[in-house]
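> Sequence and predicted structure below; questions after.
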Amino acid sequence: MTTSVLGIVGGSGFYHLPGLANPEWKTIESPWGAPSDDVLFADIDGLPIRFLPRHGRGHKLSPGGINYRANIDVLKRAGVTDLVSVSACGSLKKKYKPGDFVLPDQFIDRTFAREKSFFGNGCVAHVAMGDPISPLLFKALEKAAKTEEIDVHRGGVYLAMEGPQFSTRAESNLYRSWDCDVIGMTNMPEAKLAREAEICYASVAMVTDYDCWHDDHGDVDVAAILEVMKDNTAKAQRLVARLARDFPREHPACPIGSDRSLEVAIITPPEARDPELLKKLEAIAGRVLL
Ligand SMILES: CSC[C@H]1O[C@H](OP(=O)(O)O)[C@H](O)[C@@H]1O
Ligand SMILES: Nc1ncnc2[nH]cnc12
């Protein structure tokens, strides 16, 4: 049995996690480059917590400038078994209002200028992404929300766009015609990389705006997002704290195999693998490569 270590990636407006025992920011080096920030090591009721602000403290990194590989690599090195992403997002449907929380269960990846895989020439792997969200973590989040009396929308498609500019109205309407639910700029390639790292992943998307499609609401801007985030962040922190308190101390095997994804993914045979790449993959894939 593996001990659970709960990772939290905090998005826009979510740069700290208060109420933790034994907090200590630690620098973790990664062969994939610089992560967004140091990782906050702490615990809640004995459960190890690892927190990483996605854009760095001070929100210095743009969604396209985040080194998602380094972030996931350092979280893996910090022992994370289960990772909750907390993000601001725009609503693509009337039923999602600013202030609402959505637990997406699908993604559409429209990002195009980011490194999206730890693998490549010299060690090729194809992990399954049919179910990008790990169901036990999703259920644990749902339960924590219920306990804390925080309303959440269960499921939904999160469209990840490249940004940093917000969408044009035509794009926003296109994503609506695809039946997408919310839009953001960061959950991809984060979710893909977590899957490659055999880390269970789930996302809490906090609605801040109606993007630019809604006739009765003005187009999204950062000032409006930050205003909504002020209220949302405390709620998200309460949700995460409850999740941690009630989280199983032993990591349960993922029913869809998110925590074993590499066992059936690597196609390059051992004799054809590039030793340099293998060295970089030590933390991410050492379990199956060694
Ligand atoms: C501050 S507005 C746009 C910004 O907010 C979201 O960030 P995150 O997903 O990290 O909460 C969105 O994806 C954009 O990066
Ligand atoms: N409308 C929007 N589009 C993209 N990312 C966002 N983050 C918050 N609101 C957003």
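Cool, the structure landed. Ligands and ions are numbered 1, 2, ... in the order given.
> C-alpha from now on. contacts and neighbour counts both.
Fine.
> same for the helix ranked longest in the chain, what does it pack against?
Criterion DSSP state H: the longest helix present in the chain is helix 222-246. Secondary-structure packing of helix 222-246 (3 or more Cα pairs under 8 Å, 6 or more residues apart in numbering; DSSP states H and E): strand 39-44, strand 47-53, strand 82-91, helix 135-147, strand 200-209.
> hmm, try it at 6 Å
helix 135-147 (3 or more Cα pairs under 6 Å, 6 or more residues apart in numbering; DSSP states H and E).
> Kindly export the helix it packs on (C-alpha atoms) in CSV.
Taking Å, rounded to 0.1, in the frame of the first residue of the first chain, the C-alpha atoms of helix 135-147 are listed here in CSV:
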residue,chain,number,x,y,z
PRO,A,135,-12.9,8.8,-10.2
LEU,A,136,-12.0,8.3,-6.5
LEU,A,137,-10.5,11.7,-6.2
PHE,A,138,-13.6,13.2,-8.0
LYS,A,139,-15.9,11.4,-5.5
ALA,A,140,-13.8,12.6,-2.6
LEU,A,141,-14.1,16.2,-3.8
GLU,A,142,-17.8,15.8,-4.2
LYS,A,143,-18.2,14.4,-0.7
ALA,A,144,-16.0,17.2,0.8
ALA,A,145,-18.2,19.8,-1.0
LYS,A,146,-21.3,18.2,0.4
THR,A,147,-19.9,18.1,3.9
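> Report the buried residues of that helix.
Neighbour counts over helix 135-147 (16 or more other Cα atoms under 10 Å) mark 135, 136, 137, 138, 140, 141, 142, 143, 144, 145 as buried.
> what does the stretch 101-250 of the chain have sitting close to ligand 2?
Contact residues, the stretch 101-250 of the chain versus ligand 2 (Cα under 6 Å from any ligand atom): 166, 183, 184, 185, 208, 209, 211, 220.
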